[in-house]
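>>> Build me a model:
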Amino acid sequence: MYNPLDQSQLRKFLTVSNISDTDTFLDKIMRQENYHTQTAVKRHLLSSKTLATIERTSPEHGVKQHFLPDYKLHRLDGPAVEYPNGRVEWHIDGVQVADLNAFLSIGKECDLLADEDITFLLLKYTV
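Numbers count the residues shown, from 1 in each chain. Alright, predicted model coming up:
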């Protein structure tokens, strides 16, 4: 499991190591940390883009759900959960996203959705 750097522990190490400009050094490390974290998340999401989802409809409630093979709710071409009353839930790699706009924003930022995908989703799911 990946553990992000703890600034207080790093600051103690730098003080003990007599590194003079602690703040500048810390800022540089944290920028690298954020870059590596963002890169890892992006790489993980891109790999989930190519995976086929499993669709399941609950016979007793009529709720349609889309899962990755590891059973995380996930769907890029529509909502991951659709209720019979028309309510929908948007999920990316097991994480629920607030609404369609947030879903599109994340999808675009992480290179999960092309412009034509966004146009399609907007046309299909906005009233």
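>>> domain ranges for the chain?
Following automatic domain parsing, the chain resolves into domains at 7-49, 54-125.
>>> So what would you say the end-to-end distance of the last one is?
Counting by CA to CA, to the nearest Å, the length from the leading to the trailing residue of domain 54-125 is 21 Å.
>>> got it, and stretch 57-74?
With CA to CA as the measure, what separates the two termini of stretch 57-74 is 14 Å.
>>> heads up, I number from 347, so please use that
Got it, the first residue is 347 from now on, which makes the last one we talked about stretch 403-420.
>>> Buried residues, it. List them.
409-414, 419-420 (16 or more other CB atoms under 10 Å). In short, each C-beta sits where N, CA and C put it, glycine included.
>>> farthest-separated two in these?
Farthest-apart pair in those is 409 and 414; separation 17.4 Å (CB to CB).
>>> what about residue 462, neighbour count?
8 (other CB atoms under 10 Å).
>>> just checking, it is part of a helix?
Yes - counting by DSSP: H, G, I helix; E, B strand; the rest coil, residue 462 is located in a helix.
>>> How much space separates it from residue 398?
In this view, residue 462 and residue 398 are 20 Å apart by CB to CB, to the nearest Å.
>>> Among the domains of the chain, show the one with the smallest mean pLDDT.
When these are compared on mean pLDDT, domain 353-395 scores lowest, with a mean of 54.
>>> Helices of this protein, residue ranges please.
For the chain, the helices defined by DSSP state H cover 353-362, 368-395, 446-455, 461-471.
>>> number of nearby residues for residue 422?
21.
>>> Need the nearest residue in space to it, chain neighbours excluded.
Excluding the flanking residues, the one nearest residue 422 by CB to CB, 6 or more residues apart in numbering is residue 458, at 5.8 Å.
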